[in-house]
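In: how would this look folded up:
(chains A and B)
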Amino acid sequence: MNRSRLLGTAFAVVASIGLATAAQAEVESKDPIKLTLHDWTGQLVTTKIMGSVLQNAGYNVEYVQADYIAQFAGLKTGDLHVAMEMWETTGREAMDEATGTGKVENLGETGMLAVEEWWYPSYMKELCPGLPNWEALNDCAEVFSTPETAPMGRYLGAPVTWGGFDDERVEALELDYEVVHAGTDAALFAELESAYQRKAPILLWVYAPHWAQIKYEGEWIEFPEYTAECYNDPSWGSNEDMAYDCGKPRGPIWKVAWAGVKDKWPGAHAAIKNFTISNDEMAGMIAQIDLEGRDLDAVVADWVKANEATWKGWIGQ
Amino acid sequence: MIALGPYCISRKAAFWLVILAASILLGQYGKDLAAALDAKWLIKFPRELTFPIKDDISRFMAWLVEDAGFGLFSFVDLTRGIAWLIEVPYAFMRGLLIDGLVFGVGNEAVQILPPLSWVAVITVVVAIGRWAGSWILAGFVGACFLYLAAFGEWESAMITLASILIAVPFGVAGGLGLGVAGFKWRWLDRILTPILDLMQTVPVFAYLVPILFLFGFGPVSALVATVIYAMPPMVRVTTLALRAVPAEIDEFSRMTGCTERQRLWRVLIPTALPGLMVGVNQVIMLSLNMVIIASMIGAGGLGYDVLTSLRRLDIGGGLESGVAIVVLAIALDRLSQAMVSRASPAHSEDSRSFLKRHPWLTTCVVVIVGTGLLGLIAPAVQNYPEAAQITTGKIWEDLVGWLNVNFFDQIEAVKTFALIHFMVPVKRLLLELPWPWVLFILTLAGWQLGGLRLACLCFALTAFILSNGLWAKAMITVYLCGVSVVIACLIGIPLGILSAQNDRANRVVQAGIDTLQTLPSFVYLIPVVMLFRVGDFSAMIAVILYALAPAVRYASHGIRSIPPELLEAGIVSGCTRRQLLTRIKLPLAMPEIMLGINQTIMLALSMLVITALVGTRDLGQEVYIALTKADTGRGVVAGLSVAFIAIIADRLISAGAVRARKRLGLN
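Out: Here you go, the predicted structure:
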């Protein structure tokens, strides 16, 4: 057994060197392409899938932990190369600033649609039958209130850094609610978990794709649908004098890269541009990891195995 | 000597009571007063008078990153050079503990030699434990590391260990160097002191962004931030320890004709060693405190596990990773302590062979090579088998769930009571206090306690916060920190008194506060949110838990260090136990207790940045927003404001403690 294992190791070493030289012919540069990892599961899955596909195409890939917004400093200088998830809803401002300098390039949509909206668990419908229509919210303000906010209802908003104009929305739509901002999304979902265990009233900001949709039953509040005019033009909508009298925009999740990627690794550049995945596929994988506790890398490997035809298309094979 | 009794009110105390009453009245009716005088500017600092410097700082930073240079090379080249200096040993350490010896980069890398197996690492720490201390220590340290393996935290723990093993030597060496320089040249010491104050009080989040710009992305930036955070105590301790070397020893070194270098390295530093080791211990502890924050900018390891577990609401997983950090901290702490108290070896001629003289070294080498080879056949020797891993995750989740479902109403009632009758009134009072009054009171207090210099300092620092337009946020900071400190002292000082008088209670209390201080606060923050909801109350609980320790420690230490003659004098003159406590022990321990309160304030302020993660609206949140938006200037200004609040509180209380000492005739 000893010998066979040693032989196996030796073989693996030789094979990998062999593979490396074989791949050398195909790809433009063997310098590692640095993909950034953030701290939510969906982003890790997207990035690891892209990384595995690039590896299969013969590229050298390295994963780097970086902050969602602070990474742009690295993407501009070429310290970092690819960021796989930049949400329209939270990252647009920073992304536009970066692409404006010409040092960062937008590589198009990932195919996933970001949804961010007010959300409530299904059991709240019994206490507030008018839901999901937003006009029912004021009738139920008392139901959603807590001692600190009474008689106003309590709406748990996202961390202030995520934007979203909820304070303005409450004012424009004349909702009898107080907006309380959570500091992180861990705190946000901790409150949801707590309320859900007790079947207690809660109204909060939830985003998709995320495991919460799978673990908890609930619905989005239906606000007047978002249009660009609603945010820019006060006269639009039910409130003549204020903007933001509508729901939040639903937007794509973008891929961005250092502008130099196109020249240094043209093939990888094309592959990243081609990458798409759907909300449902992603939600399924997130559920496997966060709810069933499966290993992230195993889930990614399964996807890569099952979707060979798809990703072969991205790398032009 | 003035009467020790606390019941005697001096004229000065009466004066401050009047001031306090006036403040409460102004806070209550400030708004009405401002309205009556038609002077809204009394409450709200007029925008025209602010001259924010945050944009200037951001511009300076951009210049530093893009243009600054020294002719031959740019400033960024210099910082990247430093980054490289740190990266090389870090890569080596990672190779040793995690990656093995690899050739190549990225996924093309080929492993040539495996990393140290878990058996080998445990053997090494046990050997160090035995060599530095006793078999008991060795067993204890071994058990700590076995915990890491058994709970499936091994790889993350080794990543964290690798960064600690790099950050600590850099912190110690840097601190020692600066401390020695400060000891040699008084003027340098005078420049260093305020810089060290800032390093310790500016929240880490505030300088993470500039560090990322200068040192690049990845673990090196995290290491630099860790070193900056962990070094100051080493500098201070070094200077103090060197000054405390008895003059006779120093004179002896001169008489024997030592050169300057010999005097420093052969005489002063060895004599000051026990003091220096206190600094080393602090560097280790503070480095481990940084693990969570460092993982936010790419250090990985246990901190990252805590963060991701809690994002999944996996409370048990977060707790296990958090406890792994505590375990690592305790093991490293005990080892470093033992190494100091180890008797230096006698210089005897030993004719035995090398192997016999160094049994532990030999054992370690044999085990490392042996397990390395064995690992090729039996993977369980190389990596702890997954099947043997244990987890308690589900238990903790169920416990919090059970508390939540069954006791939420009671918890809610307590919380509502505290909010309505204590927290909200204080908050309103502080927010409606006219700013000129606050500025006046702080300056006056500075003048009364420390003379003209302190008065000027208080005035200038308060004016900085005002002129940057952060007044309201600063007042919320003061409120949140204030109520937490009051409650922490109400709990902590009695606990300290109890543990000073009862040895058994002392052991329990000490273990409790040690754990609270090293357990990353994020671990208990999420369960606290589940039970108390997002808001000021959750933040307050987290701050109290974290800031309790110094209140307990200093109160306990203060009472224990009262000269026994004074206690005997009390007993002889017929004091009851109660009188002994209230008339002798407490007044005499008061200066120490005040220092404890001072430290509690410092810790509470440093914790406020963390509580921004559960949604507060204070300066901590301002710093956190700046971090997520990568806005250097905004972060630095808000960070400095936090630091200035800390410095004002520190200087006033220290000055008060000095006066109290003098009055009591202690020194």
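In: And for A:P224, the neighbour number?
Out: A:P224 has 15 neighbouring residues, counting by other CB atoms under 10 Å in any protein chain shown. For every residue, glycine as well, the C-beta is placed using N, CA and C.
In: wait, is it part of a helix?
Out: No. Counting by DSSP: H, G, I helix; E, B strand; the rest coil, A:P224 is not part of a helix but coil.
In: Tell me how far the nearest residue to it once chain neighbours are set aside lies from chain B.
Out: Computed as CB to CB, 6 or more residues apart in numbering or on different chains, the closest residue to A:P224 that is not its neighbour in sequence is A:C246, at 4.3 Å. Taking CB to the nearest CB, to the nearest Å as the measure, A:C246 falls 25 Å from chain B.
In: And what about A:C246, helix, strand or coil?
Out: Under three-state DSSP, A:C246 comes out as coil.
In: Which pLDDT value belongs to it?
Out: Looking at A:C246, its pLDDT is 88.
In: How about A:M1?
Out: On pLDDT, A:M1 comes in at 38.
In: OK, contacts around the residue nearest to A:P224?
Out: By CB atoms under 8 Å, 6 or more residues apart in numbering or on different chains, the contact list for A:C246 reads A:F223, A:P224, A:E225, A:Y226, A:T227, A:C230, A:Y231, A:W236, A:G237.
In: Kindly reformat those as TSV containing distance to A:G313.
Out: Shown next, in TSV, are those (distance: CB to CB, whole Å):
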residue	distance to A:G313
A:F223	38
A:P224	40
A:E225	34
A:Y226	33
A:T227	35
A:C230	38
A:Y231	37
A:W236	42
A:G237	43
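In: which among these gets closest to chain B?
Out: When the contacts of A:C246 are ranked by distance to chain B (CB to the nearest CB), A:Y231 comes first, at 20.1 Å.
In: Once you drop chain neighbours, what's closest to that closest one?
Out: A:A243 (5.5 Å).
In: How about A:T101?
Out: Closest to A:T101 by CB to CB, 6+ apart is A:K76, at 6.3 Å.
In: count of neighbours near the one you found?
Out: Using other CB under 10 Å, A:K76 is surrounded by 17 other residues.
In: Name the SS class of it, please.
Out: Secondary structure, three-state DSSP: A:K76 is helix.
In: same question, A:W254
Out: strand.
In: Surely it touches A:M84?
Out: No. Taking contacts as CB atoms under 8 Å, A:W254 lies outside contact range of A:M84: 9.3 Å.
In: The two: who's more crowded?
Out: Using other CB under 10 Å as the criterion, A:W254 and A:M84 rank with A:M84 on top: 27 against 22.
In: part of a helix, is the more buried one?
Out: No. Assignment of A:M84 by three-state DSSP gives strand, placing it outside any helix.
In: for the residue nearest to A:Y231, what are its contacts?
Out: A:E168, A:A172, A:C230, A:Y231, A:N232, A:D233, A:P234, A:W236.
In: quick check, nearest of the residues you listed to B:F151?
Out: Among the contacts of A:A243, A:E168 lies closest to B:F151 (CB to CB), at 46.8 Å.
In: what's the helix or strand for that closest one?
Out: Applying DSSP states H and E as the criterion places A:E168 in helix A:166-172.
In: now for that helix, which elements pack on it?
Out: Other elements packing on helix A:166-172 under the criterion 3 or more CB pairs under 8 Å, 6 or more residues apart in numbering or on different chains; DSSP states H and E are strand A:153-157, strand A:177-181.
In: Select, out of the ones you listed, the one closest to B:T477.
Out: In terms of CB to CB, the element of the helices and strands packed on helix A:166-172 nearest to B:T477 is strand A:177-181, at 16.5 Å.
In: so that closest one versus strand A:153-157, what angle?
Out: 30 degrees (axes from the mean of the first three to the mean of the last three CA atoms, to 10 degrees).
In: What residues sit buried inside the helix or strand that comes right after strand A:177-181?
Out: Reading on from strand A:177-181 to the C-terminus, the next helix or strand found by DSSP H and E is helix A:185-198. Across helix A:185-198, burial judged by 16 or more other CB atoms under 10 Å in any protein chain shown covers A:D185, A:A186, A:A187, A:L188, A:F189, A:A190, A:E191, A:L192, A:E193, A:S194, A:A195, A:Y196.
In: got TSV for these, with distance to B:V609 and pLDDT too?
Out: Formatted as TSV, the buried residues of helix A:185-198 follow (distance: CB to CB, whole Å; pLDDT from 0 to 100):
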residue	distance to B:V609	pLDDT
A:D185	18	79
A:A186	16	83
A:A187	15	86
A:L188	19	88
A:F189	22	89
A:A190	19	89
A:E191	21	90
A:L192	25	91
A:E193	25	90
A:S194	24	90
A:A195	27	91
A:Y196	30	91
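In: Between those residues, which sits nearest B:A660?
Out: The closest of the buried residues of helix A:185-198, once distances to B:A660 are taken by CB to CB, is A:A187, at 41.4 Å.
In: That closest one contacts B:P527, correct?
Out: No. The pair A:A187 / B:P527 is not scored as a contact, 11.1 Å apart, by CB under 8 Å.
In: what about the closest residue to chain B within chain A, distance to A:E62?
Out: Nearest residue of chain A to chain B: A:P32, at 3.2 Å (CB to the nearest CB). A:P32 is 4 Å from A:E62, where distance means CB to CB, to the nearest Å.
In: ditto for A:L127
Out: 51 Å.
In: the more surrounded of the two?
Out: Taking neighbours as other CB under 10 Å, A:L127 and A:E62 compare with A:E62 leading, 18 against 14.
In: Wasn't the more buried one part of a strand?
Out: Yes. Per three-state DSSP, A:E62 lies within a strand segment.
In: That one touches A:T36, doesn't it?
Out: No. If you go by CB under 8 Å, A:E62 and A:T36 don't touch, sitting 10.3 Å apart.
In: List the contacts of B:A299.
Out: By CB under 8 Å, 6+ apart, B:A299 lies in contact with A:Q65, B:I159, B:T160, B:S163, B:P219, B:A222, B:L223, B:T226, B:V291.
In: what residues are up against residue 282?
Out: Just so you know, I chose chain A. Listed by CB under 8 Å, 6+ apart, the contact partners of A:M282 are A:G42, A:V45, A:T46, A:M112, A:P209.
In: please go with chain B instead
Out: With contact taken as CB under 8 Å, 6+ apart, B:Q282 is in contact with B:A230, B:P233, B:M234, B:V237.
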